[in-house]
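Novice: Structure for the following, please:
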Amino acid sequence: MSEPNSESPTVRKNQKKASKFVDEPLQIDLPSYAASYSGPIKYLRLLFIAQVCPALKGQALRLAHDYIKTSTLNVSAYEQIFEVLLHSFNEKYGSGDSSGAGETSNNDKLSSASGKIIKSGHNEAGLVYDEEWVEKTTLRAARNRDELETELKNFKVNAIKECTRKGYVDLANFCLDVGELNGAMKYFTRSREYCTSWQQDLNSCLSIVKVSIYQAAWSHAGAYVSMAENFCETQNSESPPKNGDARPISPAVAAARSELALASGLIKLVTCNYQDATIQFLQANCDPDECTADKAASLLTSTNVAYCVTLCALATLDRGELRSRVLNSPTFRLILEAEAECRDIITAFYSANYAACLDALQRIKNLLRLDLFLADHVESLYERIRVKAMCQYFVPYVCADLKLMAEVFRTGVTDLENELAELIRKGNIKGRIDSEKQLLCSLKVDPRYQTFSNTINIVDQCHQRLEAAILRSNLIRRGYTRGWH
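Specialist: Reported below is the predicted structural model:
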């Protein structure tokens with residue numbers, strides 16, 4: 001398995017900053033939001049919010065700062081907080097210290113004149129750079145690394161396979177704690193060589209998948225998701241059935257499958273395969289009651305899943321699938337009961353109450369743009385949902401009043417005509433616009449003409465296949481096909 005082209009969280013977050021800024025006021029309890037996550041994903045999400053939402057920047061950076069200092073040894077992420085503040089300072093006051101940022105280390109940038117101002121506490125978050133913590137944490141990390149590497153060497157010398165595996169896992173977790181994702185990937189991968197059971201192999205794959213997602217190495221994550229799914233299938237097939245019933249699924253396999261479904265759904269989402277993302281997310285067994293501070297999520301919470309399924313399902317599933325797969329899903333129904341807003345949006349769309357659905361979607365749009373993984377897809381998904389709503393709105397009509405339709409879709413008649421003209425041009429709507437009477441009229445299709453046209457096309461295809469078969473027969477008879485496979 002080839003190594004992914006990994007990159008640091010800092011680089012990936014700067015790339016994500018290309019998303020539009022969220023300038024409007026938001027009603028979000030950021031401390032409660034942050035408490036739902038644990039591990040690297042917690043400060044990665046907070047740093048992303050700080051970069052895309054100026055109104056929440058100070059609070060998000062303070063929360064990330066406190067978590068990194070109290071729960072990690074990640075000095076680079078700690079310095080990233082002050083780098084974000086420095087960048088904001090330079091943008092506001094036009095300082096030239098940020099020039100050549102791609103060739104300058106964090107320490108060099110923070111050692112500049114404006115960097116010293118930021119470190120002293122004169123910044124919008126009111127944070128003071130803790131030199132003592134940085135020095136102590138760096139020394140502590142170096143000491144812990146030496147201890148773990150020494151232990152691992154002793155285990156390998158003594159040829160203790162299980163201890164060697166645990167040594168690699170401990171080193172990988174240490175690398176995650178200090179923010180070295182490449183090192184974590186390397187040690188988790190090496191630990192697989194010393195696995196002695198399917199469950200150890202499965203846990204290693206799950207860890208590699210998470211690190212790959214932190215690195216945005218989606219193809220690498222997908223490969224290990226497939227590998228982990230094979231382990232689950234193998235273990236399930238080896239479990240003997242009881243009393244002729246279906247084979248029982250162990251709790252470990254069920255939990256792993258749920259994690260894999262979330263990871264797979266995330267991979268499908270970021271690669272714009274929204275329909276498959278919906279199907280994968282619906283297979284995850286997310287209990288909303290389990291998303292507490294004691295059991296925080298390492299990737300996605302049930303709320304994240306609810307929003308992802310809502311957008312992806314509305315954008316890709318037809319009404320029948322929306323009811324059978326989403327509204328009637330026994331597992332997803334629990335999430336919908338906890339997330340009433342998502343339930344109301346899906347129900348409104350299914351009931352053809354498009355005005356209420358689109359209004360509700362508009363209210364949560366800026367909130368969704370704060371999501372690390374969903375932000376880049378919000379505009380695309382909203383556009384698909386609007387197009388689908390327009391197409392479904394017109395289905396029962398022979399002629400639709402553009403004025404009434406414009407009220408439903410919260411737009412003017414002229415703008416609506418432009419939207420409909422584009423949909424007609426693309427073939428999404430079979431109709432014509434009567435601008436004088438302000439009507440959208442369906443095309444009258446002659447069924448006899450359509451039948452004759454389809455018949456002629458089938459006859460033409462048969463002629464082409466017959467001519468190809470005759471040509472092939474002649475070539476074989478004359479011996480021109482020798483050496484062909």
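Novice: Where does pLDDT dip in the chain?
Specialist: Scanning the chain for pLDDT under 70 picks out the ranges 1-20, 94-111, 236-249, 288-295, 445-446, 482-485.
Novice: redo that, cut-off 50
Specialist: 1-19, 96-103, 292-293, 485 (pLDDT under 50).
Novice: In it, which helix is the longest?
Specialist: Longest helix of the chain, by residue count under DSSP state H: helix 447-477.
Novice: So which bits of that one are buried?
Specialist: By neighbour count on 16 or more other Cβ atoms under 10 Å, the buried set for helix 447-477 is empty. Quick note: C-beta positions are derived from backbone N, CA and C, even for glycine.
Novice: which helices and strands sit right next to it?
Specialist: Helices and strands touching helix 447-477, by 3 or more Cβ pairs under 8 Å, 6 or more residues apart in numbering; DSSP states H and E: there are none.
Novice: how far is that helix from where the chain is centred?
Specialist: Between the centre of helix 447-477 and the centre of its chain there are 46 Å (Cα atoms, centre = their mean, to the nearest Å).
Novice: since we're on Ser324, how many residues are nearby?
Specialist: Ser324 has 11 neighbouring residues, counting by other Cβ atoms under 10 Å.
Novice: and it, how far is that from Tyr350?
Specialist: Separation of Ser324 from Tyr350 (Cβ to Cβ, to the nearest Å): 11 Å.
Novice: Three-state assignment for the nearest residue to Ser207 once chain neighbours are set aside, please.
Specialist: With sequence-adjacent residues excluded and distances taken as Cβ to Cβ, 6 or more residues apart in numbering, Ser207 is closest to Phe188, at 4.8 Å. Under the three-state scheme (DSSP: H, G, I helix; E, B strand; the rest coil), Phe188 adopts helix.
Novice: next one: phi and psi at Gly121?
Specialist: With angles defined as degrees, to the nearest 10, Gly121 sits at phi 110, psi 0.
Novice: Kindly apply the preceding question to Ile429 instead.
Specialist: phi -120, psi 130.
Novice: ok, and the closest non-adjacent residue to it?
Specialist: Among residues not flanking Ile429 along the chain, Leu423 sits closest, at 4.6 Å (Cβ to Cβ, 6+ apart).
Novice: and that neighbour, how many neighbours does it have?
Specialist: Close neighbours of Leu423, defined as other Cβ under 10 Å, add up to 18.
Novice: Check which helix or strand it maps to.
Specialist: Per DSSP states H and E, Leu423 falls inside helix 413-426.
Novice: who's in contact with the residue nearest to Ser207?
Specialist: Counting by Cβ atoms under 8 Å, 6 or more residues apart in numbering, Phe188 touches Tyr168, Val169, Ala172, Ser204, Ser207, Ile208, Val211.
Novice: Return the subset of these lying in helices.
Specialist: The members of the contacts of Phe188 that map onto helices under DSSP H are Tyr168, Val169, Ala172, Ser204, Ser207, Ile208, Val211.
Novice: could you redo the residues you listed as a markdown table and give each row distance to Asn457?
Specialist: What follows is the ones in helices among the contacts of Phe188, written out as a markdown table (distance: Cβ to Cβ, whole Å):
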| residue | distance to Asn457 |
| --- | --- |
| Tyr168 | 62 |
| Val169 | 61 |
| Ala172 | 59 |
| Ser204 | 54 |
| Ser207 | 54 |
| Ile208 | 51 |
| Val211 | 53 |
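Novice: Distance to Leu334 and neighbour count for the contacts of Phe188 - can I get that in CSV?
Specialist: Converted to CSV, the contacts of Phe188 look like this (distance: Cβ to Cβ, whole Å; neighbours: other Cβ atoms under 10 Å):
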residue, distance to Leu334, neighbour count
Tyr168, 37, 24
Val169, 33, 19
Ala172, 33, 25
Ser204, 30, 26
Ser207, 27, 22
Ile208, 29, 27
Val211, 29, 28
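Novice: now, among those, which is nearest to Leu266?
Specialist: For the contacts of Phe188, the minimum distance to Leu266 (Cβ to Cβ) is 13.6 Å, reached by Val211.
Novice: got the contact list for the closest one?
Specialist: Going by Cβ under 8 Å, 6+ apart, the list of residues near Val211 reads Leu176, Leu181, Ala184, Met185, Phe188.
Novice: The third one and Val169 touch, don't they?
Specialist: This points to Ala184. No - using Cβ atoms under 8 Å, Ala184 is not in contact with Val169; the gap is 10.1 Å.
Novice: Compute the distance between the residue nearest to Ile429 and Asp415, please.
Specialist: Distance from Leu423 to Asp415, by Cβ to Cβ: 13 Å.
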